[in-house]
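Chemist: Output the structure for:
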Amino acid sequence: MKAIITVLGKDAVGILAKVSTICADNGANVIEVTQSIMQELFAMIMMIDTEKCTVSFTELSDKLVALGEKEGLKIHVMHEDIFNSMHRI
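Modeler: Residues are numbered from 1 along each chain as shown. Modelled structure (predicted):
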């Protein structure tokens, strides 16, 4: 299964590294990343493969949301299927 992680917030050093570390520490593989910095706003979309994840999807999501709260970022995690369904016309 794949999931989409979105991150928005004020730019700071290490955001990509911190999100990637949580994924790696929990067995989720980063497949693709795109990020932009517009003035001081950081925006990132990351696709991960959760097939070998060592924690539940909910637990991984909770860890990433907690990171966002700690760092002053908005981090959202959703299943790829839900993401795709939301963006179909």
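
Chemist: so how far is stretch 60-77 off the chain centroid?
Modeler: 8 Å (Cα atoms, centre = their mean, to the nearest Å).

Chemist: Next: stretch 30-41.
Modeler: On the basis of Cα atoms, centre = their mean, stretch 30-41 sits 11 Å off its chain's mean C-alpha point.

Chemist: can you give me the helices in the chain?
Modeler: 15-25, 57-71, 80-86 (DSSP state H).

Chemist: Can you point out the buried residues in the longest one?
Modeler: Neighbour counts over helix 57-71 (16 or more other Cβ atoms under 10 Å) mark 60, 61, 63, 64, 67, 68, 71 as buried. The C-beta positions use only the backbone N, C-alpha and C, and glycine is treated the same way.

Chemist: what residues does that helix touch?
Modeler: Surrounding helix 57-71, the residues in contact under the criterion Cβ atoms under 8 Å, 6 or more residues apart in numbering are 1, 3, 5, 7, 9, 12, 15, 18-19, 22-23, 26, 28, 50, 53, 55, 73-77, 79.

Chemist: hmm, try it at 7 Å
Modeler: 3, 5, 18, 19, 22, 26, 28, 50, 53, 74, 75, 77 (Cβ atoms under 7 Å, 6 or more residues apart in numbering).
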